[in-house]
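Visitor: Return a 3D structure for these sequence lines:
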Amino acid sequence: MAHEYPSSYSLLFRLIVTPCFFIFLLFPLSSTSSFHVIFTFASTPAIAITKVEQDQEALALLTWKVSLDNQTQVLLSSWFGRNSCHHWFGVACNRSGSVSDLNLQSCGLRGTLQNLNFSSLPNLFTLNLSNNSLHGTIATNIGNISKLITILDFGSNHFTGVIPEQLGFLTSLSFLSLASNNFRGSILPFIGNLKNLTILHLYENELSGSIPQAIGYLIGPIPPSIGNLRNLTTLYLHTNKLYGFIAQEIGLLRSLNDLDLGINNLNGPIPHSIGNLRNLTTLYLNRNKLFGSIPQEIGLLRSLNDLDLSNNNLIGPIPASIGNLSSLTYLGLGHNKLSGALPLEMNNITHLKYFQLYENNFIGQLPDEICLGRALVNFTADGNHFTGPIPKSLKNCTSLFRVRLERNQLTGDIAESFGVCPNLNYIDLSSNNFYGELSEKWGQCHKLTHLNISNNNISGAIPPQLGRATQLQRLDLSLNHLSGKIPKELGMLPLLFELLLTNNNLSGSIPLKLGKLADLQTFDLASNNLSVQIPKQIGNLLKLSSLNLSGNRFVDSIPDEIGKMHHLGSLDLSQNTREIPPLLGELRYLETLNLSHNQLSGTIPHTFDDLINLTSADISYNQLEGPLPNIKAFAPFEAFRNNEGICGNNVTHLNPCSPKKAMNFSVLIILLLIMSTLLFLSAFIIGIYFLVQKLRKKTTKSTLEVADVKDLFTILGHDGKLLYEHIIQGTDNFSSKHCIGTGGYGTVYKAELPNGRVVAVKKLHYSLDQDGGDIADFKAFKSEIHALTQIRHHNIVKLYCFNSFAEKSFLIYEFMEKGSLRNILSNDEEAAEKLD
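Guide: Predicted structure coming up:
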């Protein structure tokens, strides 16, 4: 894979250590430090050293130790005494007892090199301080270090400043790494003095300027010192700020195996002499500003495994000679201005794992044998003008992991283009001309996380089997001709965070199971034929940040549950028929809101004033009225046009709100609460009143209808016994001289009460039933009482009251001066006179 840099130092180290390992087997040792001593015996010439010099080495290391942080000093706790060769951690010595190797790689060191006296280490062979947290500058006394040193590794620290030119004195260096620090400035020409250098790592710094002439003579005329770096095998200068041309003289570095000049500001063409570097296995020139065409000589680099020319300004076609690079596993040509058809010779490259052609101007068809070797993992050719079908070798390319072919003009039946891809993780076929129906086999791609086939001519239904691709995180089938219902099985995709089905012909309702997509963040069903209602379960999508249901035929109101989606940033419910729930005002993170082209009526909820993050709003073409929310998003005319009832103070194109309309909502709430309380109390009091009346009526009724006939009272509230005595007295105990008429149920008497009022008393005939204990006609008596108390008519005689005691029951009526109605009606003249 591109940009995975092997440690050339570790390789060199193994080559040196391997023979020393056998020496280690011959001499029993008690510690790691002893191994380092034996190592130096075999690799470093013995140089006599005095006791004074040995003490100076120990003092230099102890002085440096004291300057480091406390944690580091604990790590180096074995550093004490006057003999640095006596089991000091990371220290190795030669036969004479002089320090020859200092290896503290990846030990978590914190501090600087300012207190390390390099001149006190005259016999140092290896110094490895890489992958720590050392900082500050490299002191200029680095040049006083041993002239025997061959390996110097300060990589992966936090060193700053410029690279000291005194490093040029270390002419025995074969490995130099200053990579992954914060060095600035230019690469000084002293590098050319390091004639034995084979590996140079300066990548991931802030170096700028042009590459110096001494380093392979990449620019300018060829100096007499040509060949100074003839042994260089690895040159990593990527991720700096280098600029300038790569001259033809690059071809003189014939020993190079790895060349990485990527991620700089180099410009100009790729030199034709690049073809002289026949030993190259990796060539990275990516992310520069190189222009011109790819040289034909690139095909001479038959040992190349990785070739990355992406992200430049290269033009023209791919040379046919590239087909000679049969060992290529990585080919990156993306994001250039390359054009033309791909050469047929590319079918010879059968071991490709990574093939990148994205963002160019290629035409024609894709290579037929692109996955002949069944090794292709990543294929990206998006943003070109490729035509024709998907290569047949891709259909069952089981090694595929990532495929991007979007924004081309590819055609063919989508159901026949791909089979089952068990390792496929990402595929984007959008913005092409594919047709046909979606295959059920997509559900068998169990590692698939991203499926995008939008903006094609796909028809038919969405296969329910997609619900089996349980790793799916993004599904985009928008801008097609899909029909039928949304399968409920999509609710079985627990990791789905983006579902885009917009601009299709989908119908029916939103499946309730979609409310189980707890991780869903983007949900777009716009421009379909969905109807019925928006389900309340949509409120369970608490992570949703964008919801678009516009352009459908929902007929019910917006569910209040949408107000629970507090992370919602964009909401589009335009072109439907609904009402605005006040809970929308609780969407405090909402930035975009579209409720236009609906049939919304009434006032805008006051809670909309709390949408402080809202930047774009559209409530146009509705029937809303009342005050416009007091936030900037509603201020533009386009946001509220075609709502005749809307008003706003200091808003262009709107009439000011009247005091009544502009009344503070909190005051309205208080008034409503007071009114509601009064209504409740009134209803409670009235209810109690009617309840009491009902109880009274029940009492009266039970009194009237009691089985014991001896104890019935009048409806006027008189004492029954007293009234009875007055009637007996006024009729002389119902004497015949007071009789004024007789009927089928009783006899009518004229009676004068003690207060002088004259009444008519109808005494009922008394008869016993067969049992001899009840009034036989009591039912008729009650019926007449009930009828006369309910009827009100000016031709019906008025009933005053009644009374009932044992053997004497009677009714008391208003007395009629003219006699009985029967006598009057029998005489025509009298009837006309009396009843006129």
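
Visitor: Report the separation between the residue nearest to the spatial centre of the chain and residue 475.
Guide: Geometric centre of the chain, nearest residue: residue 521, 3.2 Å, by C-alpha atoms, centre = their mean. In this structure, residue 521 and residue 475 are 13 Å apart, going by C-beta to C-beta, to the nearest Å. (C-beta placed from N, C-alpha, C; glycine too.)

Visitor: Need the overlap of contacts for those two.
Guide: residue 498 (C-beta atoms under 8 Å, 6 or more residues apart in numbering).

Visitor: Quick one: low-confidence residue ranges for the stretch 451-600 of the chain.
Guide: 577-578 (pLDDT under 70).

Visitor: how about the strands in it?
Guide: For the stretch 451-600 of the chain, applying DSSP state E, counting those that start in this stretch gives strands covering 457-460, 474-476, 481-485, 498-500, 505-508, 522-524, 529-530, 546-548, 570-572, 592-594.

Visitor: Helices of the protein, start to end?
Guide: 8-26, 32-43, 51-67, 70-75, 392-395, 414-417, 637-640, 665-704, 720-730, 778-790, 821-826, 828-834 (DSSP state H).

Visitor: circling back to that earlier point, the strands of the stretch 451-600 of the chain: which one's closest to residue 425?
Guide: strand 474-476 (11.3 Å; C-beta to C-beta).

Visitor: which helices and strands sit right next to that closest one?
Guide: Using 3 or more C-beta pairs under 8 Å, 6 or more residues apart in numbering; DSSP states H and E as the contact test, the elements touching strand 474-476 are strand 450-452, strand 498-500.

Visitor: Please convert the ones you listed to JSON lines, extending it with distance to residue 148.
Guide: Below are those laid out as JSON lines (distance: least, C-beta to C-beta, whole Å):
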{"stretch": "strand 450-452", "distance to residue 148": "56"}
{"stretch": "strand 498-500", "distance to residue 148": "61"}
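
Visitor: Ok, which of these comes nearest residue 604?
Guide: strand 498-500 (29.9 Å).

Visitor: Just list what that closest one packs against, helices and strands only.
Guide: Partner elements for strand 498-500 (3+ C-beta pairs under 8 Å, 6+ apart): strand 474-476, strand 522-524.

Visitor: Strands of the stretch 301-450 of the chain, residue ranges please.
Guide: 306-308, 313-316, 330-332, 337-341, 354-356, 361-363, 378-380, 387-388, 402-404, 409-413, 426-428, 433-437, 450-452.

Visitor: Direction included, what does the first one pair against?
Guide: Strand 306-308 has these partner strands in its sheet, going by DSSP bridges: strand 282-284 (parallel), strand 330-332 (parallel).

Visitor: ok now the last one, how far from the chain's centre?
Guide: The chain centroid and the centroid of strand 330-332 are separated by 33 Å under C-alpha atoms, centre = their mean, to the nearest Å.

Visitor: mean confidence score for that strand?
Guide: Mean pLDDT, computed over strand 330-332, is 97.

Visitor: Residues contacting it, please?
Guide: Strand 330-332 is contacted by residues 1-2, 286, 305-310, 322, 325, 349, 352-356 when judged by C-beta under 8 Å, 6+ apart.

Visitor: Drop the exposed ones from the residues you listed and show what's left.
Guide: For those, a burial check counting by 16 or more other C-beta atoms under 10 Å picks out 2, 286, 305-310, 322, 325, 349, 352-356.
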